[in-house]
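K.L.:
Sequence plus predicted model, see below.
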Amino acid sequence: MSYRIAEVAALVGVPATTLRYYEDIGLIDQPARGGNGYRSYDDADLARLRFITATKNLGIPLADVAELVKAYDVEECSTVAHQVVEMVARRLAETQERIGELVALAAQLQTASARLADAPTSGACGDGCPCATAAPAPLADRRTFVPLTRAPVVAAPDSPVIACSLDAGSVPDRISDWQALVARAASREPITGGVSLQFVASPELVAEIARLAAAEQDCCTFFTFTLQMTTGHVRLEVQAPDAAADVVAAMFGTAA
């Protein structure tokens, strides 16, 4: 079966200009041309373009996508999947690090915004005015809550706020601690409102899970942590409101 470029663009979910760009940079071969001079794509072209689009949508750079396409054309599926897994793992680590940086930045911005709101209504700027001085660290008795949802969420009065009050400087280390712990999970399972992680039990591991869960619940009250211990195994359940599903996935992963 043959397809025109507009049809392929609609089926793959990218503009026709993107398909032409892929040709220009050598990511895909130029398709055959029909008698009328129009590009003509076949099912193999369509499958390859869907693979390219799927990997690109994961944030994998085009240079790496190009290497994956070479493998896609000649290797077994399991080999290609292994390469994609490695690239996704690198991308995930980079993204989680960036999450920590952005949450820390958001806390700093909110602190600065609150301080600027208290600026005097008259008089010139000077060394002591909020405009010219760095935002101070939050006071110990006043928390800065940073929203963690992609869009504003209007919550019921008795529902937890999807926000974090951890001080900006501690966010990257907290995420790094969770990453190290989650990497030790033997398996994951989906549960209502979240995910469960199973570990091989050890006294040191149980203590670390309890420490992190308690610390996280203190600053992110929307989380619910449940720790279950059986002979040789530890199960950590992490649950949150639907609006925080992205946060749960980013920090604790999703079940396969």
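P.N.:
Nice, I can see it. Residues are numbered from 1 along each chain as shown.

K.L.:
drop to CA atoms for contacts and neighbour counts, all remaining ones
P.N.:
OK.

K.L.:
I'd like to know how many residues surround the closest residue in space to residue 59 that isn't next to it in sequence.
P.N.:
Excluding the flanking residues, the one nearest residue 59 by C-alpha to C-alpha, 6 or more residues apart in numbering is residue 91, at 7.1 Å. Around residue 91 there are 16 other residues, counting by other C-alpha atoms under 10 Å.

K.L.:
Using the three-state scheme, assign residue 91.
P.N.:
Assigned with DSSP: H, G, I helix; E, B strand; the rest coil, residue 91 falls in the helix class.

K.L.:
Now do it, the pLDDT please.
P.N.:
Per-residue pLDDT puts residue 91 at 85.

K.L.:
So it is in contact with residue 60, correct?
P.N.:
Yes - between residue 91 and residue 60 there is a contact at 7.1 Å, judged by C-alpha atoms under 8 Å.

K.L.:
on that earlier part again, quick check: the residue nearest to residue 59 vs residue 57, distance?
P.N.:
Distance, residue 91 to residue 57, using C-alpha to C-alpha, to the nearest Å: 12 Å.

K.L.:
for residue 42, same thing?
P.N.:
23 Å.

K.L.:
and the host helix or strand of residue 71, which residues are buried?
P.N.:
Here residue 71 sits within helix 62-74, counting by DSSP states H and E. Residues 65-66, 68-69, 71-72 are the ones in helix 62-74 that count as buried (16 or more other C-alpha atoms under 10 Å).

K.L.:
Can you add distance to residue 126 and pLDDT and give those back as JSON lines?
P.N.:
Formatted as JSON lines, the buried residues of helix 62-74 follow (distance: C-alpha to C-alpha, whole Å; pLDDT from 0 to 100):
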{"residue": "65", "distance to residue 126": "52", "pLDDT": "93"}
{"residue": "66", "distance to residue 126": "55", "pLDDT": "92"}
{"residue": "68", "distance to residue 126": "57", "pLDDT": "92"}
{"residue": "69", "distance to residue 126": "59", "pLDDT": "91"}
{"residue": "71", "distance to residue 126": "62", "pLDDT": "91"}
{"residue": "72", "distance to residue 126": "62", "pLDDT": "90"}
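
K.L.:
and which of those residues is nearest to residue 1?
P.N.:
Distances from residue 1 to the buried residues of helix 62-74, taken as C-alpha to C-alpha, are shortest for residue 72 (21.1 Å).
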